[in-house]
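>>> okay, here's the prediction I keep looking at, along with the sequence it came from:
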Amino acid sequence: MASVSLRRLGKSYGGTQVVKGIDLDIADGELVVLVGPSGCGKSTTLRMVAGLESVTSGEVRIGDQVVNALPPRERDIAMVFQDYALYPHKTVRENMGFSLKVRGIKGAEADKRIQDAAEMLGIAHLLDRRPGQLSGGQRQRVAMGRAIVRRPQLFLFDEPLSNLDAKLRGEVRTEIKRLHQTIGTTILYVTHDQVEAMTLADRIVILRGGEIEQVGTPDEVYNYP
Ligand code: ADP
Ligand code: ADP
């Protein structure tokens, strides 16, 4: 069973169609990267899956549920963005725990999830610091930790590396790959960077002008003769 299905998914702003009836199935545990030039509709597509943008036509299905009408909070997803959007006055622990708290997960269960995620990401020693006391790479790990503790059915990444310098980009990219291999979760990942797509993806979807131009493994998409 596909973990995510997009059926004839479309989006228009005013009279202009920017996503033109996309069909895509993402398998359980698969890491799919949406790649393509600026303005091709990657972010709009991701935001429709997240529920941050309304759907003009077609369908978004997560698991066996059509989620078109569900607000973000009621979708079983977590997002990681390029800006980390951490609360500056909360500690790392509080930042990671906040979305659990609002969902009624507290006490020992919350502590364990936070500790496990922090250890997996190598930030357990930073739990009592505030975001201002962290490097960019550490902040992005906290943003990932905040997503992981929720244990969602689907992770959405929107250009998560673009605010990092080249060295950190490599490190965090490796971290994302390891995360995917360790917890085997389904990921939909948006980037304009081909190298990122090639190193991370199980399957690459190339978007152009709001339509799918090509779908395949990194080898099929970039190394065909
Ligand atoms: P990408 O993520 O691939 O760079 P986007 O999904 O952000 O592309 O944008 C796709 C197209 O939709 C672009 O032409 C963009 O200008 C347009 N667009 C995005 N958001 C809006 C909006 N809120 N209002 C009008 N047009 C928009
Ligand atoms: P959380 O409880 O994890 O803070 P919500 O359930 O409120 O998240 O929202 C679902 C997802 O959408 C979260 O991953 C959150 O980061 C993201 N999100 C919510 N509001 C916005 C927004 N205005 N812009 C971008 N992302 C948002």
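Sure thing, it's come through. Ligands and ions are numbered 1, 2, ... in the order given.
>>> tell me where this protein has strands.
2-13, 16-27, 31-35, 57-62, 65-66, 77-80, 154-158, 186-191, 203-208, 211-216 (DSSP state E).
>>> in CSV, list those along with mean pLDDT, mean neighbour count and distance to ligand 1.
C-beta coordinates here come from the backbone N, C-alpha and C atoms, glycine included. Formatted as CSV, the strands of the chain follow (pLDDT from 0 to 100; neighbours: other C-beta atoms under 10 Å; distance: least, C-beta to the nearest ligand atom, whole Å):
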stretch, mean pLDDT, mean neighbour count, distance to ligand 1
strand 2-13, 94, 18, 3
strand 16-27, 97, 17, 4
strand 31-35, 97, 24, 8
strand 57-62, 97, 18, 15
strand 65-66, 94, 12, 22
strand 77-80, 91, 22, 14
strand 154-158, 94, 23, 8
strand 186-191, 96, 24, 7
strand 203-208, 97, 21, 7
strand 211-216, 96, 15, 12
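>>> reformat these as a markdown table; add distance to Arg93.
Shown next, in a markdown table, are those (distance: least, C-beta to C-beta, whole Å):
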| stretch | distance to Arg93 |
| --- | --- |
| strand 2-13 | 30 |
| strand 16-27 | 32 |
| strand 31-35 | 28 |
| strand 57-62 | 29 |
| strand 65-66 | 32 |
| strand 77-80 | 17 |
| strand 154-158 | 21 |
| strand 186-191 | 25 |
| strand 203-208 | 35 |
| strand 211-216 | 40 |
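>>> relative to ligand 2, which of these is closest?
Closest to ligand 2 of those, according to C-beta to the nearest ligand atom: strand 77-80, at 3.6 Å.
>>> would you mind writing the CA trace of the closest one as PDB?
Backbone C-alpha positions of strand 77-80 (Å, rounded to 0.1, in the frame of the first residue of the first chain) are rendered in PDB as follows:
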ATOM      1  CA  ILE A  77       3.200  14.400   9.200                       C
ATOM      2  CA  ALA A  78       6.100  16.400  10.400                       C
ATOM      3  CA  MET A  79       8.000  19.000   8.500                       C
ATOM      4  CA  VAL A  80      11.600  20.300   8.400                       C
END
